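Engineer: Provided below are the primary sequence and the corresponding predicted coordinates.
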Amino acid sequence: KAGVTQTPRYLIKTRGQQVTLSCSPISGHRSVSWYQQTPGQGLQFLFEYFSETQRNKGNFPGRFSGRQFSNSRSEMNVSTLELGDSALYLCASSLVGQQTETQYFGPGTRLLVL
Amino acid sequence: GENVEQHPSTLSVQEGDSAVIKCTYSDSASNYFPWYKQELGKRPQLIIDIRSNVGEKKDQRIAVTLNKTAKHFSLHITETQPEDSAVYFCALNSGNTPLVFGKGTRLSVIA
């Protein structure tokens, strides 16, 4: 099976712009979670989608949003970018998102905000 | 929400020695404890996990121990090799919440 894929792999944006990141889960996986990884804070949970519904949300401002499509692919959007949004954005997929399921990570999208 | 403390933040060992990384948590409802390895520039990958009905699990040179009473779990790597150099993250699930990660341990194995 193909692994989790994310596009694009690298992005450079300027403050105030918006960005959309995409994640394609492993075939058959219906749960997709998004994480922000920064050197100082480790991996911080953004949100989780299952069957096109947001099931959990982390402590991030409303500028961060996401959605999931019927084929389980997910996108996340960040509006009004700030310098502090520079990070590696990782998505992870699992079958149905049960708490003891293994999550498989994508390679990440590295976002640089100038 | 749940918080997980991971120590140490950096660890250097000589090749062949053992490495131990410890994570502590507070929510007694936590019942799933995975460990991820992230090599430089790569994605985090699950290396071992343990569930709350088990006290120890071993996979070749890697083992994880869980002490639910004391609320801590540890990753043990024996006979370390240079390819073990990476950042290791502990994580846990608490109830229906998503995975909560520790801040990571940068392990350097010196040949």
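Structural biologist: That came in fine, so what should we check first?
Engineer: In stretch A:61-74, which residues are buried?
Structural biologist: For stretch A:61-74, the neighbour count (16 or more other C-beta atoms under 10 Å in any protein chain shown) marks A:64, A:65, A:66, A:68, A:72, A:73, A:74 as buried. Bear in mind the C-beta positions are built from the backbone N, C-alpha and C, glycine included.
Engineer: Assign residue A:84 to helix, strand or coil.
Structural biologist: helix (DSSP: H, G, I helix; E, B strand; the rest coil).
Engineer: okay, now it: neighbour count?
Structural biologist: Using other C-beta atoms under 10 Å in any protein chain shown, residue A:84 has 8 neighbouring residues.
Engineer: Which two among the buried residues of stretch A:61-74 are spaced furthest apart?
Structural biologist: Across the buried residues of stretch A:61-74, the longest distance by C-beta to C-beta is 19.9 Å; it joins A:64 and A:72.
Engineer: what does chain A put close to chain B?
Structural biologist: A:4, A:33, A:35, A:41-45, A:48, A:56, A:58-59, A:90, A:99-100, A:102-108 (C-beta under 8 Å from any C-beta of the partner chain).
Engineer: Just the buried ones from these?
Structural biologist: For the residues of chain A next to chain B, a neighbour count by 16+ other C-beta under 10 Å gives the buried set as A:4, A:33, A:35, A:42-45, A:48, A:56, A:58, A:90, A:99, A:103-108.
Engineer: so what's residue A:29 up against?
Structural biologist: A:72, A:93, A:94, A:95, A:104 (C-beta atoms under 8 Å, 6 or more residues apart in numbering or on different chains).
Engineer: Which ones among the residues you listed map onto helices?
Structural biologist: In helices, judged by DSSP state H, none of those are found.
Engineer: which SS state does the most centrally placed residue in chain A fall under?
Structural biologist: Taking C-alpha atoms, centre = their mean, the centroid of chain A lies closest to residue A:34, which sits 3.2 Å from it. Recorded secondary structure, residue A:34: strand (three-state DSSP).
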